[in-house]
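K.L.:
Here you go, sequence then predicted model.
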Amino acid sequence: MVEAGGALSAVLLPLAEHNLLVPAAVVAEVVDYVQPDPVDSWPAWLLGKFSWHRQMLPLVSVQAAMGLPIAPVQGRRARIVILHTLGGDAGLPRYALLVTDTPRVISIWPEFVHAGTASHAGESYVRQRVSLPDAESAIIPDLDALQGAVLAAVEGRA
């Protein structure tokens, strides 16, 4: 989503040692952490499922999926970010990411974002590392690939 003056509306999602940067348009809602119901057949990075507006959504530990260090859930600070799937997949209209603190909406101007490496060895679902103004860094996740992996795992194809 482009704001006035060419700025893009994005959301910084805090992880243990990193931030994810996602378009604001894919974020449906941010809710307090709830313990998900585990699903034994899912990979370890899928923490389970939980109820959101009468829908059962898979909860992703994006840190585990990306191969990043994982921090334990820190009580009241942890949040769940509900994402709309790209393309509105009927099999998985939404899924959720576990984050370590409250996300924040930011406006970014593309000319002030400096690209870093595409990913480090062993990282999955990382599209690009970027440096933002004020010396803040973030990871732009590969939401297409992550969404595909979540859908495959939920449908038992992983």
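P.N.:
Right, received. Where do you want to start?

K.L.:
Tell me the bridge partners for the residue nearest to the spatial centre of the chain.
P.N.:
Nearest to the geometric centre of the chain sits residue 97, at 4.9 Å (C-alpha atoms, centre = their mean). With DSSP bridges as the criterion, the beta-bridge partners of residue 97 are residue 60, residue 81.

K.L.:
Following element in sequence after the lowest-mean-pLDDT helix or strand in the chain, please.
P.N.:
Lowest by mean pLDDT, DSSP states H and E among the helices and strands of the chain is strand 114-115, with a mean of 75. Counting by DSSP states H and E, the next helix or strand C-terminal to strand 114-115 is strand 126-132.

K.L.:
on contacts alone, who are the packing partners of that next one?
P.N.:
Applying 3 or more C-beta pairs under 8 Å, 6 or more residues apart in numbering; DSSP states H and E, we find strand 126-132 packed against strand 114-115, strand 136-141. C-beta: built from backbone N, CA, C; applies to glycine.

K.L.:
What is the burial count for residue 47?
P.N.:
21 (other C-beta atoms under 10 Å).
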